[in-house]
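S.K.: Give me a 3D structure for the following:
(one chain, ligands or ions: 1)
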Amino acid sequence: MKVKAFICAFVTLLLVCPGLVSAQGDVQNVEDYVGKGKVTSLHLLGAKAASMAMEELSFARGNDHVLAMTDAGYAMIGGKTTEKCIDGVTAVSGCTIGNGNLLLIHRGKEQPLWFAFFRKDTKDLIYLEVKESVIGKSVSEFYTLSGAEIFTKISKTNIGLDDLVNNPDKWTENVKNEIFGGNEFSLIGIANIWSNPKCSYDFLQAVQLHNHVCPGVSSGYLIIKYLDKKLPLQRGQRYKIIACPPWCKEDAFQAILDTTVGKRGLYVKGLTKEQKEKLPQEAKGIAGLYIRWDDKTGSGEGLALGFDFGEVRKLAGMENYLGPPWVSKLKMNEIAMNYLDKPETMVTTLKRFTVNADELAALQAAGINPLVEIGLMQ
Ligand SMILES: [Zn+2]
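M.R.: Below is the predicted model of the structure:
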């Protein structure tokens with residue numbers, strides 16, 4: 001009876017508030033998706049973001065040209081986790097993880113909760129950031145809220161790469177004004193690389209963890225492609241990586257190779273300015289040590305690899321670009337996708353070496369410079 005009364009109240013509400021009419025189908029979709037009686041205000045929050053985006057970007061449920069992104073599930077509001085919003089987004093927009101058009105962008109729990117939707121055919125992106133005060137509203141209260149009462153920021157703009165490269169001043173201003181809540185570089189980069197037909201889901205896994213695309217994380221992906229060719233794993237083997245020096249690339253290794261820090265797959269070692277200066281010329285582009293480790297034999301084969309960012313910049317035509325550095329980074333991301341089967345264009349082997357268990361332990365130990373240890377520098 002209670003449900004019936006609520007539906008009556010809801011229908012009445014729809015009649016007096018025409019702006020909410022489109023929500024009727026959405027509510028049905030959410031209920032069908034998560035199950036009767038299981039709908040929460042967090043589901044409705046994701047659903048509301050999706051339905052507003054569908055209206056603003058003019059797309060119907062299940063449109064494959066649309067990408068949904070959110071940090072729901074990572075961002076927490078009022079001490080509560082937000083994963084239920086994700087099902088609300090899927091129920092209404094039809095964007096799913098399996099279809100590759102729902103990306104869950106990793107963020108710290110203190111970060112604001114947001115949703116973004118992008119159409120690859122028009123290059124329009126809409127960003128909606130949630131008002132913290134909306135959390136704690138009951139389901140029935142939630143139905144009465146307008147978009148402006150739910151979201152603190154709703155911005156829509158075209159993010160085509162050409163526009164960014166050709167109008168650096170406009171985009172410097174947009175970034176300064178935080179049109180996407182400070183997520184400009186993150187959302188523009190991810191949306192554009194997702195549109196690239198050469199971009200596959202394993203790279204998007206790295207991007208979701210790293211929460212942006214950059215030449216650094218792309219270099220990690222190219223290094224993985226290089227290892228596939230030059231140091232492929234056999235059954236029972238795994239990589240041991242000495243990240244010396246570390247940069248964004250390590251997040252690609254953790255996401256794609258499962259060489260996580262916690263499982264001792266990855267040891268991070270920085271280089272001081274003096275150490276960098278002492279590197280011989282041929283090792284200036286050092287990108288770390290990659291060891292194919294075999295537990296059974298207690299031995300490993302290693303490669304010291306270098307990565308040439310100058311080459312990527314040149315191929316992207318960005319050598320003399322004077323606009324904002326983050327715009328040239330977007331162009332460089334595109335180049336990485338063109339060289340997935342030719343990673344040796346940027347990745348080179350600086351030195352080969354072998355290690356036993358004691359030698360591996362030494363490379364990983366505190367206070368030891370692994371580049372000296374393998375004889376790459378004095
Ligand atoms: Zn990065």
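S.K.: where does the stretch 201-350 of the chain come near the ion, residue by residue?
M.R.: For the stretch 201-350 of the chain, the residues in contact with the ion (C-beta under 5 Å from the ion) are 214, 216, 217, 248. (Each C-beta comes from the backbone N, C-alpha and C, glycine too.)
S.K.: and the gap between the closest residue to the ion within the stretch 251-378 of the chain and residue 209?
M.R.: Across the stretch 251-378 of the chain, the shortest distance to the ion (C-beta to the ion) belongs to residue 251, at 7.4 Å. According to C-beta to C-beta, to the nearest Å, residue 251 stands 5 Å off from residue 209.
S.K.: higher neighbour count, the two?
M.R.: Counted by other C-beta atoms under 10 Å, residue 251 and residue 209 do not tie: residue 251 has more neighbours, with 23 against 16.
S.K.: Excluding chain neighbours, what is closest to that one?
M.R.: In space, and not counting its chain neighbours, residue 251 is closest to residue 210: 4.1 Å by C-beta to C-beta, 6 or more residues apart in numbering.
S.K.: Which per-residue confidence value corresponds to that neighbour?
M.R.: pLDDT, residue 210: 98.
S.K.: burial of it, as a residue count?
M.R.: 23.
S.K.: what sits against it?
M.R.: The contact partners of residue 210, taken as C-beta atoms under 8 Å, 6 or more residues apart in numbering, are 106, 217, 248, 251, 252, 255.
S.K.: which residue is nearest the centroid of the chain?
M.R.: Central residue of the chain (C-alpha atoms, centre = their mean): residue 208, 2.6 Å from the mean position.
S.K.: so it makes contact with residue 106?
M.R.: Yes. Here residue 208 reaches residue 106: they are 5.9 Å apart, a contact under C-beta atoms under 8 Å.
S.K.: Now whichever residue of the stretch 1-150 of the chain sits closest to the ion: which helix or strand?
M.R.: Nearest residue of the stretch 1-150 of the chain to the ion, counting by C-beta to the ion: residue 106, 12.2 Å away. Under DSSP states H and E, no helix or strand contains residue 106.
S.K.: check contacts around it.
M.R.: Residues near residue 106 by C-beta under 8 Å, 6+ apart: 71, 74, 208, 209, 210, 211.
S.K.: Which of those sits closest to residue 244?
M.R.: residue 210 (19.3 Å; C-beta to C-beta).
S.K.: From residue 255, how far off is the closest one?
M.R.: Using C-beta to C-beta, residue 210 is found at 8 Å from residue 255.
S.K.: what does residue 87 give?
M.R.: Where residue 255 is concerned, residue 87 sits at a distance of 23 Å (C-beta to C-beta).
S.K.: More neighbours: these two, which one.
M.R.: Using other C-beta under 10 Å as the criterion, residue 87 and residue 255 rank with residue 255 on top: 23 against 20.
S.K.: In this structure the more buried one contacts residue 205, no?
M.R.: Yes. Contact criterion C-beta under 8 Å: residue 255 and residue 205 qualify, at 4.7 Å.
S.K.: Could you list the single helix or strand in the chain with the lowest mean pLDDT?
M.R.: helix 2-16 (a mean of 38; mean pLDDT, DSSP states H and E).
S.K.: for the stretch 101-250 of the chain, what spans make up the helices?
M.R.: In the stretch 101-250 of the chain, the helices defined using DSSP state H, counting those that start in this stretch lie at 139-143, 147-150, 161-166, 168-176, 184-195, 201-210, 215-230, 249-256.
S.K.: residues in contact with residue 253?
M.R.: For residue 253, the contact set (C-beta under 8 Å, 6+ apart) comprises 220, 223, 224, 239, 241, 243, 259, 265, 266.
S.K.: Once you drop chain neighbours, what's closest to it?
M.R.: Per C-beta to C-beta, 6+ apart, closest to residue 253 is residue 259, 4.8 Å.
S.K.: Quick check: the one you found vs residue 228, distance?
M.R.: Distance of residue 259 to residue 228, computed by C-beta to C-beta: 14 Å.
S.K.: can you check residue 270 too?
M.R.: Using C-beta to C-beta, we find residue 270 at a distance of 27 Å from residue 228.
S.K.: for residue 247, same thing?
M.R.: In terms of C-beta to C-beta, residue 247 sits 21 Å off from residue 228.
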